[in-house]
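*Asks:* from the sequence below, what's the structure:
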Amino acid sequence: MRPLLFLDVDGPLIPFGAADYPTYPPTDPNPLLSRINPDIGARLAALPCDLVWATTWMADANECVAPRLGLPGLPVVAWPEPSAIDDQDERHGLHWKKHALS
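*Replies:* The predicted model follows:
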């Protein structure tokens, strides 16, 4: 069995935190999608692992992000309902996504 690489969208693929970002064609009605560097897709596909979306974009990652990267549809992590997220995890430095990925 190959290892899994869990991919998030906001931050890793759509950069945040700077004043200016490079943008890549084609432009999209959602201006954030133009920040995704399409060259990253080939690099991700070449990794010796299976890719899985671990993003709150959920199925939209396959509809909006995967085509920009030239990736096929990927499995998507099913996140817990917000009421099931343990607030104590965040107080102890754990991200709320951690339990669904372990």
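*Asks:* from now on I want contacts and neighbour counts done on CA atoms only, so please keep to that.
*Replies:* Will do.
*Asks:* for the closest residue to residue 9 other than its chain neighbours, give me its contacts.
*Replies:* Once its chain neighbours are removed from consideration, residue 9 has its nearest residue in residue 55; the separation is 6.0 Å (Cα to Cα, 6 or more residues apart in numbering). Listed by Cα atoms under 8 Å, 6 or more residues apart in numbering, the contact partners of residue 55 are 7-10, 61, 76-77.
*Asks:* helix/strand/coil for residue 55?
*Replies:* Residue 55 falls in the coil class when you classify it by DSSP: H, G, I helix; E, B strand; the rest coil.
*Asks:* for the chain, give the helix that spans the most residues.
*Replies:* When secondary structure is assigned using DSSP state H, the longest helix within the chain turns out to be helix 39-45.
*Asks:* show me what that one is packed against.
*Replies:* Here helix 39-45 is seen to pack against helix 66-69 when contacts are counted using 3 or more Cα pairs under 8 Å, 6 or more residues apart in numbering; DSSP states H and E.
*Asks:* dump the longest helix of the chain to PDB, keeping only the CA atoms.
*Replies:* As requested, the backbone C-alpha atoms of helix 39-45 are provided in PDB (Å, rounded to 0.1, in the frame of the first residue of the first chain):
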ATOM      1  CA  ASP A  39       2.800  23.400 -12.500                       C
ATOM      2  CA  ILE A  40       2.300  22.000  -9.000                       C
ATOM      3  CA  GLY A  41      -0.100  19.400 -10.400                       C
ATOM      4  CA  ALA A  42       2.600  17.500 -12.300                       C
ATOM      5  CA  ARG A  43       4.900  17.600  -9.300                       C
ATOM      6  CA  LEU A  44       2.200  16.200  -7.000                       C
ATOM      7  CA  ALA A  45       1.300  13.500  -9.500                       C
END
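*Asks:* just the buried ones from the contacts of residue 55, in PyMOL syntax?
*Replies:* Listed next is the PyMOL selection for buried residues among the contacts of residue 55, using 16 or more other Cα atoms under 10 Å:
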select buried, resi 7+8+9+61+76+77
